[in-house]
Structures are given as structure tokens and as C-alpha cells.
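A.B. asks: Show me the folded form of this:
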Amino acid sequence: MGILIEDIKKLKELTGIGLTDAKAALVEADGDFDKALEAMRKKGLTKAEKKGDRETREGIIDSYVHSNRIGVIVEVNCETDFVARLDDFKELAHQMAMQIAAMAPQYVSEEDIPAEEVERVKAELLASEDLQKKPEDMREKIVEGQLKKHFAEKVLLSQSFILDDSMTVEGRIKEQIAKSGENIRVSQFKRIELGVNE
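C.D. replies: Numbering: from 1, shown residues only. Here you go, the predicted model:
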């Protein structure tokens, strides 16, 4: 099966890899575009994981106002000013602002949850009547699962991405890291809702 130049260009565009790598991926996948894309995304996301430790001092602040009732301001960082000026980086920042407006997370990542809050919720879960009926050796494991579930919707990176619920917000950011070749992170946000004071 022949490799189409359109497929090579499309694969390059979607993954941010070079033309040679895109062609090699299509050859390896016997011309199956979806298979090649999946393979390249996995490789790209693996590279994205490694980039996660690099410093992010550049970026932009984006805002979003929904129906004049919810306002969000978010800081999204990257490594260079060049990437910060790219349209797809600006689009990612705007998507993050929309995500925050829609899903009202309280924290960027699990590391941002105060330890005392985790302990408070854990104590409540351990004290529940349902848990007391379970065997003692299983309680800790059950509570760990319940804790993860409790905080999942409160943590931005753990939430389902509103524009594609097949991935999390963290997955969407990693996709952008793979495409740009730079570390990207959401460092802070503020969400204001009319009539709601935190």
C-alpha cells in the first residue's frame, strides 16, 4: 500500500513531528493513518512526560467570561516566548479558561490540595457507617479510592476535558507538550461567579 503525501503532512501537522518521522510512522503502520497517529501520539506523550520537569518562565494570561455571570483568569506557562505567541498555545490557554468556567475546579493539581483538607475528608470517610460494615483490612483501600474520586472533579488536571471527554485536561496539555516540544503547565487561576463569595 502506497503512502500518501497528504497523510504524511496531516500526521506531521497533528503530532508536531518531522516529515521523515511521519513517513516512517506510516510505513510502520502499513499506511494505516489512524494506527500511525496512535503510535506517534504514544511516542509524543512519552517525550512529553520527560519534558514535564523543565522550567516554564514564559506564557500568557488568558480570560473568559460566560454570560456575564462567570469570569475566569488563568496563567498558562511554557518555556519560550516563541511558543507563548503561537495560536495553538493561545487556544490551549483559552480552552483552560473555558474548562475552569464550566467545571469550577478548586486546585490545579493533586499536589495543590492542602494536607489538612485531605485528612479532613479521609476522617469523614473513615467514620461513615457504610465503611464500618466492611472488613477492617479493606477499609484503607476503599477510602483511598473514595478520596481519589472525591478530589477528581476538584482538580483541574484530573477533570474530563470539556471539548473531548475521551481525555483528561492533563491529557490535553500533554498533547500540546508533544506538539510544541516544550513543557507547558497551568500555574494558577481565579474563577469568579456572580453572587458567590468563596
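A.B. asks: Show me where this structure has its helices.
C.D. replies: According to DSSP state H, the chain carries its helices in the segments 5-15, 19-28, 33-51, 81-84, 87-103, 115-127, 129-132, 136-152, 169-180.
A.B. asks: looking at these, which is closest to residue 162?
C.D. replies: Within the helices of the chain, the stretch nearest residue 162 is helix 87-103; the backing value is 5.2 Å (Cβ to Cβ). Where you see a C-beta, it was placed from the backbone N, CA and C, and this is true even at glycine.
A.B. asks: Worst mean pLDDT across the helices and strands of the protein, which element?
C.D. replies: Of all helical and strand segments in the chain, the minimum by mean pLDDT, DSSP states H and E falls on helix 33-51, at a mean of 65.
A.B. asks: Take the helices of the chain and lay them out in a markdown table including mean neighbour count and distance to residue 194.
C.D. replies: Below are these laid out as a markdown table (neighbours: other Cβ atoms under 10 Å; distance: least, Cβ to Cβ, whole Å):
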| stretch | mean neighbour count | distance to residue 194 |
| --- | --- | --- |
| helix 5-15 | 16 | 39 |
| helix 19-28 | 17 | 48 |
| helix 33-51 | 16 | 37 |
| helix 81-84 | 16 | 31 |
| helix 87-103 | 19 | 12 |
| helix 115-127 | 12 | 26 |
| helix 129-132 | 10 | 37 |
| helix 136-152 | 13 | 26 |
| helix 169-180 | 22 | 24 |
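A.B. asks: Out of the ones you listed, which gets nearest to residue 67?
C.D. replies: Of all these, helix 87-103 sits nearest to residue 67, with 9.6 Å by Cβ to Cβ.
A.B. asks: tally of neighbours for residue 86?
C.D. replies: In terms of burial, residue 86 registers 16 neighbours under the definition other Cβ atoms under 10 Å.
A.B. asks: Residue 56 contacts residue 80, correct?
C.D. replies: No. Checked against Cβ atoms under 8 Å, the pair residue 56 and residue 80 is beyond contact range at 9.5 Å.
A.B. asks: Of these two, which one has the most company?
C.D. replies: For residue 56 against residue 80, the residue with the higher neighbour count under other Cβ under 10 Å is residue 56, and the figures read 20 against 15.
A.B. asks: show me what contacts that one?
C.D. replies: Residues in contact with residue 56, defined by Cβ atoms under 8 Å, 6 or more residues apart in numbering, are 77-79, 182-185, 187.
A.B. asks: Now do the shared contacts for residue 56 and residue 80.
C.D. replies: Contacts common to residue 56 and residue 80, judged by Cβ under 8 Å, 6+ apart, are residue 182.
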